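Undergrad: Structure, please.
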Amino acid sequence: MSQTAAFERATRFLGALRHCQVLGLQLHSIDERGLTLVLPYSAEIVGDPTSGVIHGGALSSLMDTACGMATLCVLPEFEVCPTLDLRIDYMHPAEPGKAVHGFAECYRVTRDIIFARGHAYQDDPANPIAHVVGTFMRMGKGIKGSRSFGSSISGGAA
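TA: Below is the predicted model:
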């Protein structure tokens, strides 16, 4: 799949998920290795109003979505791949006022399970806010969910 096609498929995927719209998640980059999403800073995602630090739930959503979407980089066709397990190790709080990037890649694909890993960072990927590993169940390309959901992601009729 071309990088342009992968970018378009991933953008449609983000647009189909309401929580991604609410959080303002944006696709930064995608290639055969993985992808990077951006979580813009906003008052709505602050967990501690005194310090302005982003809520851990917003970071969890960013990284779960990034890992789940990384399956788009390794599968030839769209498949529903729900999260089976997700572990996030928080290294330090995100700096208030700055967007957070979430990079994820799939490092093993089996018939039934996809294994992904990644990290969240702000200015420097070498100074991660959090590390993540997750497993995602392959349910097959024939399962598309609701009619509008499947057609909006795969680009065809559900």
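Undergrad: Please, which helix or strand holds residue 114?
TA: Applying DSSP states H and E as the criterion places residue 114 in strand 113-121.
Undergrad: could you dump that strand to CSV, C-alpha only?
TA: What follows is strand 113-121, C-alpha atoms only, in CSV (Å, rounded to 0.1, in the frame of the first residue of the first chain):
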residue,chain,number,x,y,z
ILE,A,113,-3.0,-11.4,17.6
ILE,A,114,-1.1,-8.3,16.7
PHE,A,115,1.6,-7.0,19.2
ALA,A,116,2.3,-3.3,19.3
ARG,A,117,4.5,-0.9,21.2
GLY,A,118,5.1,2.8,21.3
HIS,A,119,5.9,5.9,23.3
ALA,A,120,4.4,9.3,24.0
TYR,A,121,6.6,12.4,23.9
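Undergrad: which element follows that strand toward the C-terminus?
TA: strand 130-137.
Undergrad: Tell me the bridge partners for the nearest residue to residue 104 once chain neighbours are set aside.
TA: Spatially, and ignoring its direct neighbours in sequence, residue 104 is nearest to residue 118 (3.3 Å; C-beta to C-beta, 6 or more residues apart in numbering). Placement of C-beta: from N, CA and C, glycine included. Legend: beta-bridge partners of residue 118 under DSSP bridges are residue 104, residue 132.
Undergrad: remind me which residues of the protein are low pLDDT?
TA: 1-3, 141-158 (pLDDT under 70).
Undergrad: Surely residue 63 and residue 133 touch.
TA: No. Distance between residue 63 and residue 133: 9.8 Å, which falls outside the contact criterion (C-beta atoms under 8 Å).
Undergrad: all strands for the chain, in order.
TA: 26-30, 35-39, 46-48, 53-54, 83-90, 100-109, 113-121, 130-137 (DSSP state E).
Undergrad: Can you pull up the most central residue in the protein?
TA: Ranked by distance to the mean C-alpha position of the chain (C-alpha atoms, centre = their mean), the top residue is residue 66 at 1.6 Å.
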